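**Q** Any chance you can model this:
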Amino acid sequence: MNKDALKASSEFQKMAIRALASIVLFVFTYILLVIFAIGLTILCGYLGAALIGADSSWLTGLLGLSLVSTGIIVLIFVIKFIFKGSEQVKPLLVEIKAENEPELFVMIKEIVAELKTDPPKKVYLSPEVNAGVFYDSLFLSMFFHVRMNLQIGMGILNTHSREELKAVLAHEFGHFSQRSMRIGSYVHSANKVLHNLLYDNENFNRTIENWGDGFSYFKIPGLLASGIIKAMQSILKQVYQQMNANYYALSREMEFHADAVAASLAGPSALIRSFLRMELAETSLSIVHSYHENKVSEGSRPLNIYPQHYFVMNHLAWQRKIAIKNGLPEITPDQTWKLRRSKLALTDKWASHPSTEERIARIGAFSVSNTIDPEEPTIQLLAQREKLEEMLTSKIYDHHFIDTTAPLISDFEQFRQDFMDQSSEIFFDERYHEYYDERLPYYKFDQKLFEEPGDLNLNHQELFNDEGLSDIFELDLLEYDLNLLNDVKLQYPEIKDFSYDGTSYQHTDCAYLIRILEKQKEELKEKVDKRALLIFNYFKGLAQQAGKTDEWTEKYKSFMEVAELTFSCQDVYVDVSTSSSFMIVETPFTEIQEKMVTFKATETLLKQQIKLILESPAHHANMSEEQIKMFEKYLLTASVYFENNVYLNDELTDFSNVLTAFQSIYYITCYNCKKDLLQYQVTLFPLKTTLQPA
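**A** Next up, the predicted model:
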């Protein structure tokens, strides 16, 4: 154990001082605002009483009462957070004890001894792929030295070796040794107050409006108080942003420090393996949850999701040709392109954690030798493994779904078969090498190409390989990064610096970098399109050789028509979703009519697209009779969604159902046509050589 790892860096200390200074600024500002509110209330009360005493007319009385009410409203505003209900205890945690789980607690005890830090007050298991520490009472932690609780995700135990778990736990115990954790308690408490004053005002505003609606003269103090409150909020917003920016900067340094502790104790390689596998583990658990959400709607729920989680993770690794050692995927840094990581790293002042790339770069500076191969998953440590897995699974579905009496599904083989069937629907023949898993076959070309001869001087290994797959991933990422860079350039001048592919840039460099990436994108797109044309000619040659040219051409042209219509539908769907978004958020009446005009224009385009898909045989084949009738009724109805300052819920529900069905149908139709073409082309491949799972 490197004792220097426990020492805070100069950057860490600087950020801690800034965070403390921000908290002091908040306390000072808030006290001033409370004093101002009390003074305003006294002044308004005095002036109101003086007015009423000077003239006993009803108009003067109302004016005096308005002044008194203004002061009271402002005072209530600054102290209303006191009446906010307290947070609920975490509902998804299961406490475990040393007598029930001795091996896990031995590991915890060893780490505590090596780090010479406090042991956790309690240890909990949680359902997700995560780990963390927390206080029972944030209030007490602000004034006293209290021990933190340790939270370990079952998803971590299910996907990490013992050395990797040791690294994860050492990271969390690194936080135990940080006195700056107390600053987080202060910031959290201050944030509760600030968030309540800045953003949690719906009930407060509604109460003021109801007073004004009940008695029109009360609108005057409400308007006066609102103006004063907005001025106070503008001051508090500056404090809120400054305090959180400084705290998040400290939080990122705390993460780097905890990483240093973990790397020093467990070795850099174990921690890096954990970082690289985490995304795959999280994705796998999300897939399992999605599967069971559908099953819950069918009237059943799972007994234990964690064997399924482990299976999905390794299956996805096999599909991505990631090596599996001792039952766990061994992802290397040079394979992260398969996980589609952006090369653009923004200096996000609102991020509580550094990026994975930044953390790995810092850890890589450690010279501690650690090359232990990963062992089997740590979940083997648990003496009551199945019982705990089932308890956590039950807590997930008790918490998220109403029906807790649904029959339990315990058949792993049924899940495995369902998942493999779904995978075969989503993923195509391995000879395509994942090329079309999230991409359409080539379709934007002159149809005269169908009349030209194919090319048999190629083979599928030359066309579908890692190089081709990497190119399309790279092209997708370039498009994503360019969109993000354009947003940074035009909308986020506060982002002063960032890095791209490891090189640092200033905000003023955005235009320069965009030009470079646009050129790279064009060159790469030309390369990808060239490969796509070779693939097209390859299958055309196979079809001609097999005497199936007409059949293949018909399927390809059918796919092209559907693909073109799909993208026009997608554009309209995005426009309609954007223009109608005001109807699902609180919007002033004065803006609703104006926004409704814009929405109606895009709704006209939606109806045109629905008419086109009703006339398309391919789309029509994927519609139910109920959907066809719903679309036909929608086309014949000139719906009104807002009338007499009230939304018409039945009409809005019908519109939402139409929009959802529209998106589903154009997506499913395109997917089915793509699948039909690709599966047909599989029959044209030369004799298949089967790829076996690792």
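**Q** For this protein, which element, helix or strand, carries the lowest mean pLDDT?
**A** Lowest on mean pLDDT, DSSP states H and E among the helices and strands of the chain sits helix 138-141, with a mean of 59.
**Q** What ranges in the stretch 51-200 of the chain fall below the confidence cut-off?
**A** 56, 58, 82-90, 137-145, 177-182, 184-185 (pLDDT under 70).
**Q** all strands in it, in order from the N-terminus.
**A** For the stretch 51-200 of the chain, strands defined by DSSP state E, counting those that start in this stretch occupy the ranges 94-96, 123-126, 131-134, 149-153.
**Q** What is the second one packed up against?
**A** Contact analysis of strand 123-126 by 3 or more Cβ pairs under 8 Å, 6 or more residues apart in numbering; DSSP states H and E lists strand 94-96, helix 102-115, strand 149-153, helix 154-157, helix 385-400 as its packing neighbours. The C-beta positions use only the backbone N, C-alpha and C, and glycine is treated the same way.
**Q** mind checking which of the ones you listed is nearest I514?
**A** The closest of these to I514 is helix 154-157. By Cβ to Cβ, the value is 38.5 Å.
**Q** what are the ranges of the strands in this structure?
**A** 94-96, 123-126, 131-134, 149-153, 301-302, 324-325, 328-329, 344-346, 408-409, 497-500, 503-506, 642-643, 646-647 (DSSP state E).
**Q** Would you format these as CSV with distance to D676 included?
**A** CSV is the format used below for the strands of the chain (distance: least, Cβ to Cβ, whole Å):
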stretch, distance to D676
strand 94-96, 47
strand 123-126, 44
strand 131-134, 45
strand 149-153, 41
strand 301-302, 33
strand 324-325, 33
strand 328-329, 33
strand 344-346, 37
strand 408-409, 32
strand 497-500, 40
strand 503-506, 45
strand 642-643, 43
strand 646-647, 42
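**Q** will you turn those strands into JSON lines that also has mean neighbour count?
**A** Listed next are the strands of the chain as JSON lines, based on neighbours: other Cβ atoms under 10 Å:
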{"stretch": "strand 94-96", "mean neighbour count": "15"}
{"stretch": "strand 123-126", "mean neighbour count": "21"}
{"stretch": "strand 131-134", "mean neighbour count": "18"}
{"stretch": "strand 149-153", "mean neighbour count": "21"}
{"stretch": "strand 301-302", "mean neighbour count": "24"}
{"stretch": "strand 324-325", "mean neighbour count": "14"}
{"stretch": "strand 328-329", "mean neighbour count": "25"}
{"stretch": "strand 344-346", "mean neighbour count": "18"}
{"stretch": "strand 408-409", "mean neighbour count": "16"}
{"stretch": "strand 497-500", "mean neighbour count": "17"}
{"stretch": "strand 503-506", "mean neighbour count": "12"}
{"stretch": "strand 642-643", "mean neighbour count": "14"}
{"stretch": "strand 646-647", "mean neighbour count": "10"}
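**Q** Looking at those, which is nearest to Y443?
**A** Of all those, strand 344-346 comes closest under Cβ to Cβ, at 29.4 Å.
**Q** Contacts made by that closest one with the rest, please.
**A** Contacts to strand 344-346, defined as Cβ atoms under 8 Å, 6 or more residues apart in numbering, come from residues 355, 357-358, 481, 484-485, 488, 495, 498-500.
**Q** Could you check how far L115 is from F427?
**A** Separation of L115 from F427 (Cβ to Cβ, to the nearest Å): 44 Å.
**Q** Between those two, which has more neighbouring residues?
**A** L115 (21 against 14; other Cβ atoms under 10 Å).
**Q** Run a quick neighbour tally on the closest residue in space to Y538 that isn't next to it in sequence.
**A** Spatial nearest neighbour of Y538, excluding adjacent residues (Cβ to Cβ, 6 or more residues apart in numbering): L458 at 4.8 Å. By other Cβ under 10 Å, 16 other residues sit near L458.
**Q** I'd say L458 and L533 touch.
**A** No: assessed by Cβ atoms under 8 Å, L458 is found out of contact with L533, at 11.3 Å.
**Q** which ones are touching A661?
**A** Here A661 is in contact with 627, 630-631 (Cβ under 8 Å, 6+ apart).
**Q** er, I514 actually
**A** I514 neighbours (Cβ under 8 Å, 6+ apart): 482, 485-486, 489.
**Q** Just the pLDDT at L691, thanks.
**A** Listed pLDDT for L691 reads 45.
**Q** That should have said Y480, apologies.
**A** 89.
**Q** do you know how far it is from T587?
**A** 31 Å.
**Q** what are the ranges of the helices in the stretch 101-250 of the chain?
**A** 102-115, 138-141, 154-157, 162-176, 181-198, 202-214, 219-266 (DSSP state H, counting those that start in this stretch).
**Q** Likewise for the stretch 401-550 of the chain?
**A** 412-426, 460-463, 466-491, 510-546, 549-579.
**Q** can you tell which of those is closest to D259?
**A** helix 466-491 (25.7 Å).
**Q** Just the buried residues of that closest one, please?
**A** Judged by neighbour count using 16 or more other Cβ atoms under 10 Å, the buried positions of helix 466-491 are 468-469, 471-475, 477-478, 481-482, 485, 488-489.
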